[in-house]
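Asks: show me how the following folds:
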Amino acid sequence: MKKEKNRRVRVLDCPIDNLSLKETLRVIEEFIKSGRPHQHVVINADKVLKIRKDKKLRQIVESCDLINVDGQPIRWAARLLGISFKERITGMDLMEELLKLSSQKGHSVYFLGARKEVVRKVVETFRNRYPSLKIAGWGDGYWESNEEKKVVQDIKRAQPEILFVAISSPKKEFFIREYMDEIQVPFSMGVGGSFDVIAGLTKRAPLWMQKCGLEWLFRLYQEPRRLWRRYLIGNPIFLWLVVKELAKK
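Replies: Predicted coordinates:
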């Protein structure tokens, strides 16, 4: 594990582990074997901007056990700043690989987030895709504050080894950090809007758009009302941060 820790670098004052997907899966396997709780987060342009404003979120990100580079713009910015990442690892791709691995090795998983009919469809999809997958439980992402303890107790009783949380950021990061010691799940990760994609409510950008760093444009096209501020305002701010960092160098 020490070897992997040495691979943590900083881009725009944000910590990221420079790992391949294969190396990431190996680290997660170590987490599961340990039985101790660990938190994962992915870094994209939006997360970089959020942690500059939100001290609580920054503290959580800084102390996360595993941090992958998600957004293609982050990889490009890092390259300009002299850092070359081995691989872009999106939450969606990591979730898929973990489910495949779990079906082979018997790890149990729990799905939390999205609307009830959506998460039910996600569970059904993965049961069909991986018949040997152990699904410890699932729950939707809509609960009142007085219901949160029940959500936590359901996860605790289920005793999964992997928890996928598909609620908005930074709510998912706050939820995992607040309860990770109580639920004692070896590996917890936020997966954003992945459940909506799996359930067929939204589509993932074509591979060529992902490689060209235009996935944000595809998402904006699908959900303009929800995402216009994040991309049309956030992206230029992120670009300005990169320019300022380059000027310092």
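Asks: please count neighbours and contacts with C-alpha atoms only from this point.
Replies: Noted.
Asks: correct me if wrong, but residue 165 is in a strand.
Replies: Yes. Going by DSSP: H, G, I helix; E, B strand; the rest coil, the assignment for residue 165 places it inside a strand.
Asks: by mean pLDDT, flag the weakest helix or strand of this protein.
Replies: Across the helices and strands of the chain, mean pLDDT, DSSP states H and E gives its lowest value to helix 2-5, namely a mean of 46.
Asks: which residues in the protein form helices?
Replies: 2-5, 21-34, 45-53, 55-63, 72-80, 91-105, 116-129, 148-158, 171-183, 194-198, 207-211, 215-222, 224-228, 234-248 (DSSP state H).
Asks: in the last one, which residues are buried?
Replies: Under the neighbour-count criterion of 16 or more other Cα atoms under 10 Å, helix 234-248 has 234, 235, 238, 241, 242, 245 buried.
Asks: test for you: state the pLDDT assigned to the residue nearest to residue 155 when sequence neighbours are not counted.
Replies: Leaving out its chain neighbours, the residue that sits closest to residue 155 by Cα to Cα, 6 or more residues apart in numbering is residue 183, at 6.6 Å. pLDDT for residue 183: 97.
Asks: how about the one 5 residues further on?
Replies: Looking at residue 188, its pLDDT reads 98.
Asks: likewise for residue 73?
Replies: Reading off the confidence values, residue 73 has pLDDT 86.
Asks: any low-confidence regions in this protein?
Replies: Within the chain, the segments meeting pLDDT under 70 span 1-6.
Asks: what about 90?
Replies: Scanning the chain with the threshold set as pLDDT under 90 gives 1-7, 71-73, 192-193, 200-239, 242, 244-249.
Asks: tell me how many other residues surround the residue nearest to residue 155.
Replies: The criterion is other Cα atoms under 10 Å. On that basis, residue 183 has 19 neighbouring residues.
Asks: try residue 85
Replies: Residue neighbour count, defined by other Cα under 10 Å, stands at 19 for residue 85.
Asks: for stretch 121-134, give me every contacting residue.
Replies: If you take Cα atoms under 8 Å, 6 or more residues apart in numbering as the criterion, stretch 121-134 is touched by 99-100, 102-104, 106-109, 111, 135, 138, 195, 198-199.
Asks: buried members of the residues you listed into PyMOL, please.
Replies: Once 16+ other Cα under 10 Å is used to decide burial, the buried members of the contacts of stretch 121-134 can be selected in PyMOL as follows:
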select buried, resi 99+100+102+103+107+108+109+111+135+138+195+198+199
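Asks: verify the contact between residue 227 and residue 220 for me.
Replies: Yes. In this structure, residue 227 sits in contact with residue 220. The criterion is Cα atoms under 8 Å, and the distance is 5.7 Å.
Asks: pick the most buried one from the helices of the chain.
Replies: The highest mean neighbour count among the helices of the chain, using mean count of other Cα atoms under 10 Å, belongs to helix 194-198: a mean of 21.
Asks: show me what that one packs onto, helices and strands only.
Replies: With contacts taken as 3 or more Cα pairs under 8 Å, 6 or more residues apart in numbering; DSSP states H and E, helix 194-198 sits against helix 116-129.
Asks: for residue 231, which non-adjacent residue is closest in space?
Replies: Of all residues not flanking residue 231 in the chain, residue 216 sits nearest, at 7.1 Å (Cα to Cα, 6+ apart).
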